[in-house]
Structures are given as structure tokens and as C-alpha cells.
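Engineer: Fold the following, please.
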Amino acid sequence: MGLSASSPSLAVQSPNVSEHQTASPPSECPMHQKKMEGCAVHVKSSDQGAENQNVVPAHQEHAYEYVVCPVKSGSSQTTDDIDPRNMMPPPNQVPSPDQPFPLSTVREESTIPRAYSEKKWVYPSEQMFWNAMLKKGWRWKKDDISPEDMTNIIKIHNQNNEQAWKEILKWEALHVVECPCGPTLIRFGGKAKEYSPRARIRSWMGYELPFDRHDWIVDRCGKEVRYVIDYYDGGEVDKDYQFTILDVRPAFDSISAIWDRMKVAWWRWTS
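Structural biologist: Down below sits the predicted model:
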């Protein structure tokens, strides 16, 4: 039993976001300001937007202040990064007290559209990732880690999420008629130790357990759909920073999801 249920197409082996943005994209990057034409379903009314703000992690609030255009990616951090409300950088961008080397605070915009917004999700910076790991109990002194390692970790993290979204889009292609504008991501969460039934069954059959699991909640033109993503170790990291094998599928939360899983399984069985 492999990982062929990750998407409606043939099995794909590939690798494994972060806040509510009120800031505008940099003016030097007009492509970030492109409107979604003809897809009013993705932009809620002001009342609905306020109602759904709490489903987005707080670290997206000022995310675009740290998104750097390619033409300016080599420039250093400026005083514009300082929060005028307290003249300090955002807390999760501040180096830890015993941090052995400086880390980048630049953030990369993803290709994943954010629900109830015309913006996209923005990935964490190296500094944010470092601080998040410390908060979870990790201590850098126990590992031989370098600035280059953190750069690679961020690239792997981002690539994993991009690939996960591509797999979700393959499933969502089954519903293009009912949602022609495509899905958007509402929220997500990690459940590393809450193994899915599928992962447990694979384990009973002698396969390894996933090293991580995420549940992503997608907005399908007004309908919430939950996707389960199991992450498996795929060996050495390649030049595209892909080493994780993803098993992506809609959760058995509805008759529609069950039918999708059955239909795709039949297609694979008969192809």
C-alpha cells in the first residue's frame, strides 16, 4: 500500500504560512496587487471578513512589510521594519538572547491564496522560524547548526507547503464546475502525534509512520473542506529542496469527500 492516494493523478512523490495581513504589498511589486477578477466568492463582505479574521494566525498581520521584491532582495533591513507603535521590530522577528548568529527577517510570498482576502499566505522568515522552534523547546546548543542550515530549512519548509497546495489543487479540480475560481486556504494546523487512520493502517502493514501531519481547511467557494497531509521522509534533499513524500487527501468528513476518494481509487485501479 503506497502513497498513491495523495492526489487524483498518479502518485506524486515530493516534499512537505503564516498571518493575517493588513499591510499592503511593497509598491515596487505591482504584481502583488493584482485583483482576482470575476471571483467575488473569495472576497467576503466587511462584516464577514471581520468575522473570519480570527481564523488567520496573527503573524500574517504585517507579513507584507517583510516581503522583498527580487530587485531589492539584496538590500538590508531598513527602519521601515520598525513598528512605529513601540519603535521595536515585531516580537517574533527579534533575535533570541543567546542566538549565535544573525538571521534574515525577509519573508517569501507563497502561491497559496488566503481565504477572505485578495492576498496570499506569506512564509515565515529565518528569524521567525528560529524563534518558533525555541518556543517549542528546541535548543540550538544541542545541534551543530549554521546560518546556511537555517536558510535550507526555510527553503524546504516553503517547498513542502507549495507542493502540498499543488496536490490539493489536483483534488479540487474534481469540483471545478461548482467552484470555477478555485479554492483558497482558510487555516491549517500541525498534528504530528495524531496519526491518521490511513497512517496507522500503513504502520500495521510494516510501513513507517509519518514524521508530521497537517490538516488544511480549504474554502471551496463557500464550503469548508478539510485535507489531511501526512509527511514521510523521502531521503536526501535534492536541488529543488524536495525530500518529503506527501500523502494528501480530503478527510472523510462528508459524502462528497468519500465519493471523491472512491472515484479516484477506482480510476487508479482501472488505469
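Engineer: can you pull the pLDDT of K191?
Structural biologist: Here the pLDDT value assigned to K191 is 89.
Engineer: can I assume it is in contact with R213?
Structural biologist: Yes - with contacts counted by C-beta atoms under 8 Å, K191 reaches R213, the gap being 4.7 Å. All C-beta spots, glycine's among them, are computed from the backbone N, C-alpha and C.
Engineer: More neighbours: which of these two?
Structural biologist: R213 (21 against 14; other C-beta atoms under 10 Å).
Engineer: for that one, which residues make a bridge with it?
Structural biologist: Counting by DSSP bridges, R213 forms beta bridges with D230.
Engineer: Against F129, how distant is it?
Structural biologist: Counting by C-beta to C-beta, to the nearest Å, the separation of R213 from F129 is 19 Å.
Engineer: Could you do K119 as well?
Structural biologist: For K119 relative to F129 (C-beta to C-beta), the value is 21 Å.
Engineer: for S96, same thing?
Structural biologist: Note on S96: its distance to F129, by C-beta to C-beta, is 12 Å.
Engineer: Which of these two has more residues huddled nearby?
Structural biologist: Ranked by neighbour count (other C-beta under 10 Å), S96 and F129 place F129 first, with 18 against 14.
Engineer: Now that one. Its backbone dihedrals?
Structural biologist: Main-chain torsions, F129, degrees, to the nearest 10: phi -60, psi -40.
Engineer: residues in contact with it?
Structural biologist: 150, 153-154, 157 (C-beta atoms under 8 Å, 6 or more residues apart in numbering).
Engineer: let's go with 7 Å and repeat that
Structural biologist: 150, 153-154 (C-beta atoms under 7 Å, 6 or more residues apart in numbering).
Engineer: per-residue confidence for Y232?
Structural biologist: Predicted confidence (pLDDT) for Y232: 94.
Engineer: and it, how many neighbours?
Structural biologist: 20.
Engineer: if I pick it, what's in contact with it?
Structural biologist: Contacts of Y232 (C-beta under 7 Å, 6+ apart): 208, 210, 244-245, 247.
Engineer: Show me which pair in the residues you listed is furthest apart.
Structural biologist: Greatest spacing in those, by C-beta to C-beta: E208 and T244 (12.6 Å).
Engineer: hmm, back to that, so, if you compare the contacts of Y232, which one comes nearest to I112?
Structural biologist: For those, the nearest to I112 is T244 (16.8 Å; C-beta to C-beta).
Engineer: Hmm, Y231 and the closest one touching each other?
Structural biologist: Yes - counting by C-beta atoms under 7 Å, T244 touches Y231, with 5.2 Å between them.
Engineer: More neighbours: those two, which one.
Structural biologist: Using other C-beta under 10 Å, the more surrounded residue of T244 and Y231 is T244, with 26 against 21.
Engineer: beta partners of that one?
Structural biologist: Beta-bridge partners, per DSSP bridges, of T244: D233.
Engineer: Check the gap between it and A251 for me.
Structural biologist: Taking C-beta to C-beta, one finds T244 at 20 Å from A251.
Engineer: now do W259
Structural biologist: Distance from W259 to A251, by C-beta to C-beta: 13 Å.
Engineer: Neighbour count for these two, which is higher?
Structural biologist: Higher neighbour count among W259 and A251: A251, with 17 against 12, using other C-beta under 10 Å.
Engineer: The more buried one and I168, how far apart?
Structural biologist: Distance from A251 to I168, counting by C-beta to C-beta: 12 Å.
Engineer: about what we covered before: among the contacts of F129, which lie within helices?
Structural biologist: 150, 153-154 (DSSP state H).
Engineer: thinking again about what came up before, name only those of the contacts of Y232 that count as buried.
Structural biologist: Burial by neighbour count, judged by 16 or more other C-beta atoms under 10 Å, picks out 210, 244-245, 247 from these.
Engineer: can I get the residues you listed in CSV with distance to V225 and pLDDT?
Structural biologist: Putting the buried ones among the contacts of Y232 into CSV (distance: C-beta to C-beta, whole Å; pLDDT from 0 to 100) gives the following:
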residue, distance to V225, pLDDT
P210, 21, 94
T244, 22, 85
I245, 23, 90
D247, 17, 95
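Engineer: For stretch 126-139, buried residues please.
Structural biologist: Going by neighbour count (16+ other C-beta under 10 Å), the buried part of stretch 126-139 is 126-131, 133.
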